[in-house]
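Visitor: Whatever this is, show me its structure:
(2 chains)
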Amino acid sequence: MARALPRAAPAERRPFLAAAEDWIDRHLSILFPLPAVLTMILIVGAPVLYIAWLGFYDWTLTSARPSTFVGLDNYVNLLTRDTRFRNSVWVTVVFTVISVAIQMALGLGVALLLNRNFRGKEAARAAIMLPMIAAPAAMALVWRVMYNPQLGVLNELLREIGHPGFLWVAHPTTALASLIVVEVLRETPMTIIILLAGLQSLPSEPYEAAKIDGASRWQAFRHITLPLLRSAIMVALIFRAIFTLKVFDVIYVITGGGPSYSTENFTIFAYLQSFTYFRMGYGAATAMLFFLMVMAVVLPMIAWRRKSWEY
Amino acid sequence: MGVLSPARMATHVSARPASRALRARVEDGLFWATLLLVLAIFLFPVVYMAISAFKPGSLAMAYPSVWTFQPSLEHFTRVLGQQQLAFQLWNSLVVAIGSVTLGLVLGLPAAYSIARYRQSRLATWLLVVRMVPYFGALIPMYVIFRQVGLTNTLFGLILSHLVITVPLTTWIMIGFIEDVPRELEEAALIDGASRLRTFFYVALPLVTPGMVAAAVLNFIFSWNNFQMALILGGNETKTAPVAVLQYIGSEAMDWGGMMAAATLVSVPTFVFVLLVQKYLVQGLTAGGLKG
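Guide: So this is what the prediction gives:
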């Protein structure tokens, strides 16, 4: 299997190289991960500390005024006064809860459908991934065009069946729901393939036993499939929740947070603060709160993982 | 279920065969109808995009929509040339290849060490990094990159994309390295090879499929990334996903161009995903799902 191994012939090697190789060998468990760890500290660890520090300052990048220490002012403002911030938290929560709930239910249904044996199932499984794999920004552009209230294809189809159509992302009351539709149709495939992988690893014995005992298909699903699929469902749920909390591309390209802030989620708000208004301190405080919010979801997941697996 | 089951099952398969056959056919019909409906709904935007891109002139904006037409490449040639999409696709390619390569160089040894020395704490931390909203890291990156002149450079973008590619590579490769039988490495060690050599000459050749899977998945994530290039890039380093923004202004007249651009940005990943379909689940849930 492996390529023929170059025989190590210590006597022929120069002692210095041999010593170096020996030294590397003895410290392999530190030397091998070190470059990756240092890179991560440099581009993730240090930045997190930096924004934690920057969050205590009032600093506008574009103004000549030097940054001034303001203590907890940014956080106090965000949490007690900034209604736009509060709105963005609300938008994030609504968007995440509703779209993840739909993604899970729909994902389970489609996974069960694709888990059956039929001709062309490989092709169907590959095709269902395309909306998820396409660049989100490109797909968002397509949705923008399809949502056009006058000429868009969606309203055209609705008019065909006698409905006047919607304003979709052009009106505050329908904008968020329209974005949820985009998110669901773009991201459900991820839930589908996770659950499909889970379904395919299920043992067949319990089903045979259930058949013998005369269980109906619904009973088999309810009492065998669902419990056995629990860990795959959890994984899909957690991953979708974390990624949906962070959604940026699609909202930025389709609505940019409007109309009248109705689709401005946490990331869009933080982005605008930092990179449109250049209020770096305020943006850093926002990013810090966001970081804590996501960690509140991530850390329980990590704890749960550590319990169930060796890593 | 033991030896007794076949006999008991046989008593169950009796009933009226004719009604069973009918029921099976109805069920089959329902299944196909549902499947086609589901595929139609999910794939509609992709198909609509591809079809509209080939519509000649301003036909993409025609109301009511026109579905029969002479396909034309005019929008593709226009966006690639005049609107510089070719250049932006090139930027995306450079950034993706750079960050994938560095991701492998940094991630492979880390994965090997984690798999062989059971460094579960390190593995967990890399997983946390993958979950962290990297938006937080973008503010300091922007501030620092501005000072050292790395904003609006492809190298700066490659560096920022390591946030994605290093943890992902590591997590995908851990699984593949664990599947390499330890006996093979031990045999090499007994023969007098150093651990370093064992890694290069025994482990690496055996995990080549894993490296390909990791490279392709990382490529997709890097290629599709929008936020980093939006913040850290500039006019000369605009990547293809960010370039779609410049079409929003032309929304009133140029749907053909918009759809052609969207198609060109998505097609490379479509090709790749078909190559690594098998590993996609592992890649997307790296660290979450075992095996």
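Visitor: and A:Val48, what does it touch?
Guide: Contacts for A:Val48 (Cβ atoms under 8 Å, 6 or more residues apart in numbering or on different chains) come out as A:Phe291, B:Val132, B:Gly136, B:Ala137. Placement of C-beta: from N, CA and C, glycine included.
Visitor: ok, then the element right after the helix or strand containing B:Ala187?
Guide: Secondary structure assignment for B:Ala187, by DSSP states H and E: helix B:182-190. Downstream of helix B:182-190, the next assigned helix or strand under DSSP H and E is helix B:195-198.
Visitor: Let me see the ranges of the strands in chain A.
Guide: According to DSSP state E, chain A carries its strands in the segments A:57-58, A:68-69.
Visitor: what's the first one in contact with?
Guide: Contacts of strand A:57-58 from elsewhere in the structure, counted by Cβ under 8 Å, 6+ apart, are A:Ser67, A:Thr68, A:Phe69, A:Val70, A:Asp73, A:Asn74, A:Met280, A:Gly281, A:Tyr282, A:Ala284.
Visitor: need these in TSV with distance to chain B, neighbour count and pLDDT, can you?
Guide: Output for the contacts of strand A:57-58, formatted as TSV (distance: Cβ to the nearest Cβ, whole Å; neighbours: other Cβ atoms under 10 Å in any protein chain shown; pLDDT from 0 to 100):
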residue	distance to chain B	neighbour count	pLDDT
A:Ser67	11	15	78
A:Thr68	16	11	80
A:Phe69	17	10	84
A:Val70	17	18	82
A:Asp73	18	17	83
A:Asn74	13	25	85
A:Met280	7	25	86
A:Gly281	10	26	86
A:Tyr282	11	27	87
A:Ala284	6	28	88
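Visitor: Which residue, other than its chain neighbours, is closest to B:Phe31?
Guide: With sequence-adjacent residues excluded and distances taken as Cβ to Cβ, 6 or more residues apart in numbering or on different chains, B:Phe31 is closest to A:Arg116, at 6.8 Å.
Visitor: per-residue confidence at that neighbour?
Guide: Model confidence at A:Arg116, given as pLDDT, is 87.
Visitor: Report how many residues lie close to it.
Guide: 10 (other Cβ atoms under 10 Å in any protein chain shown).
Visitor: Tell me which entries of the contacts of A:Val48 lie within helices.
Guide: A:Phe291, B:Gly136, B:Ala137 (DSSP state H).
Visitor: now, among those, which is nearest to A:Ile251?
Guide: B:Gly136 (18.0 Å; Cβ to Cβ).
Visitor: Next, the contact list for A:Leu167, please.
Guide: By Cβ under 8 Å, 6+ apart, the neighbours of A:Leu167 are A:Pro149, A:Thr174.
Visitor: What distance do you get for it to chain B?
Guide: 15 Å (Cβ to the nearest Cβ, to the nearest Å).
Visitor: Please name the nearest non-neighbouring residue to the one residue sitting closest to the centre of chain A.
Guide: Residue closest to the average C-alpha location in chain A (Cα atoms, centre = their mean): A:Phe243, at 1.5 Å. Nearest-residue entry for A:Phe243: A:Glu187, 7.4 Å, with adjacent residues in sequence omitted and distances by Cβ to Cβ, 6+ apart.
Visitor: And for the one you found, the neighbour number?
Guide: Other residues within reach of A:Glu187 by the criterion other Cβ under 10 Å amount to 24.
Visitor: And A:Val100, by the same measure?
Guide: By other Cβ under 10 Å, 26 other residues sit near A:Val100.
Visitor: Hmm, it is touching A:Leu237, no?
Guide: Yes. Between A:Val100 and A:Leu237 a contact is recorded at 7.0 Å, counting by Cβ atoms under 8 Å.
Visitor: Can I get the helix holding B:Ala187 as CSV, trimmed to CA atoms?
Guide: The C-alpha coordinates for helix B:182-190 follow below in CSV (Å, rounded to 0.1, in the frame of the first residue of the first chain):
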residue,chain,number,x,y,z
ARG,B,182,-1.5,2.4,13.1
GLU,B,183,0.3,-0.9,12.3
LEU,B,184,1.6,0.5,9.0
GLU,B,185,3.2,3.4,10.8
GLU,B,186,4.5,1.2,13.6
ALA,B,187,6.1,-1.1,11.0
ALA,B,188,7.9,1.9,9.5
LEU,B,189,9.1,3.0,13.0
ILE,B,190,10.4,-0.4,13.8
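Visitor: Any residue of that helix touching chain A?
Guide: Yes. Interface with chain A: helix B:182-190 contributes B:Leu184, B:Ala188 (Cβ under 8 Å from any Cβ of the partner chain).
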